[in-house]
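K.L.:
Task: produce atomic coordinates for the following.
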Amino acid sequence: MAVLLARRGYIVVIPQHTDGSSSLVLLKGGKDLPFVYPDYDDYDPDFREGQTRVRAVELFASGDVAVEVLGRENVRTSDVAVGGFSFGAATAARAICEQASLTQSEYNVKCAVLVDGWYNINLKKYGVDVNMPLSLHRRGLPPSVKSLFIGSEEFTTYSRLHEETRKIQQMCGDSAQTITMPGTRHGNFSDVVFWMPVALLKKARLVGTDVDPRDNYREQCRRIIDFLDDNIQQQ
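P.N.:
This next block holds a predicted model:
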């Protein structure tokens with residue numbers, strides 16, 4: 001997706017988050033940052049919410065790096081799209097909702113691409129039912145931000161997640177465009193579909209069994225690009 005956007009003239013910035021929601025190695029310091037597991041027996045309702053704040057701050061910080069490296073004259077901060085997949089969608093939404101408190105930089109966010117967003121944690125076994133990010137659930141995205149909610153059929157089957165997602169979309173009103181890709185699972189939105197054999201993808205149930213995952217991914221990309229082309233002026 002990022003390559004396709006860059007080829008169309010967009011400047012694409014992809015942050016690597018250090019909040020503990022994924023394991024990674026910091027290249028300069030060579031330091032391993034391991035995945036931080038929640039304590040499900042004593043679940044902290046602020047656990048993921050706190051991570052979204054770190055991630056949202058890093059999102060804007062990565063934009064600052066792009067401006068510094070490429071030069072302010074080459075980066076149009078008045079015409080910005082913010083997006084993400086899964087936890088990244090929650091991150092992007094929080095960044096947009098709370099921009100003024102997260103960064104001193106000026107970015108005019110014109111649209112959001114929220115892909116199969118993870119907005120509710122529902123673990124019945126542990127008695128956990130938590131919405132995130134709270135700022136998004138309280139008021140939705142700002143009316144000035146056009147949004148594309150594009151998601152999987154699988155996520156519509158999770159009653160609490162689907163219910164809360166629909167509430168968010170309704171709060172966004174006419175500025176929101178909602179698309180559910182038929183026959184898809186959460187994994188259909190990852191580029192794993194291009195480097196893992198299709199038969200193995202389906203056997204592992206990472207993707208829907210009734211759709212061609214690669215054709216489906218191409219269609220997702222087409223819809224996202226069309227949305228951005230309609231709302232963002234390319235470099």
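K.L.:
residue boundaries of the strands in the chain?
P.N.:
24-26, 31-33, 80-85, 109-115, 120-123, 128-131, 146-152, 176-181 (DSSP state E).
K.L.:
can the ones you listed go into TSV with extra columns for mean pLDDT?
P.N.:
Output for the strands of the chain, formatted as TSV (pLDDT from 0 to 100):
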stretch	mean pLDDT
strand 24-26	72
strand 31-33	79
strand 80-85	97
strand 109-115	97
strand 120-123	95
strand 128-131	96
strand 146-152	97
strand 176-181	96
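K.L.:
Redo these as TSV? Include mean neighbour count and distance to F189.
P.N.:
C-beta: built from backbone N, CA, C; applies to glycine. Formatted as TSV, those follow (neighbours: other CB atoms under 10 Å; distance: least, CB to CB, whole Å):
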stretch	mean neighbour count	distance to F189
strand 24-26	12	21
strand 31-33	12	25
strand 80-85	22	6
strand 109-115	23	5
strand 120-123	17	18
strand 128-131	17	21
strand 146-152	23	7
strand 176-181	17	8
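K.L.:
okay if I get those as JSON lines plus distance to A199?
P.N.:
Shown next, in JSON lines, are those (distance: least, CB to CB, whole Å):
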{"stretch": "strand 24-26", "distance to A199": "30"}
{"stretch": "strand 31-33", "distance to A199": "34"}
{"stretch": "strand 80-85", "distance to A199": "24"}
{"stretch": "strand 109-115", "distance to A199": "25"}
{"stretch": "strand 120-123", "distance to A199": "32"}
{"stretch": "strand 128-131", "distance to A199": "35"}
{"stretch": "strand 146-152", "distance to A199": "20"}
{"stretch": "strand 176-181", "distance to A199": "20"}
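K.L.:
what comes into contact with the helix ranked longest in the chain?
P.N.:
Looking across the chain with DSSP state H, the single longest helix is helix 47-70. For helix 47-70, the surrounding residues in contact (CB atoms under 8 Å, 6 or more residues apart in numbering) are 11, 13-15, 17-21, 38, 75, 77, 80, 82, 87-88, 90-92, 94-95, 98-99, 102-103, 105, 107, 121, 130, 132-134.
K.L.:
Go ahead and build a ChimeraX selection from the buried members of those residues.
P.N.:
The ChimeraX command for the buried members of the contacts of helix 47-70 (criterion: 16 or more other CB atoms under 10 Å) is given here:
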select :11,13,15,17,19,20,21,38,75,80,82,87,88,90,91,92,94,95,98,99,102,103,107,121,130,132,133,134
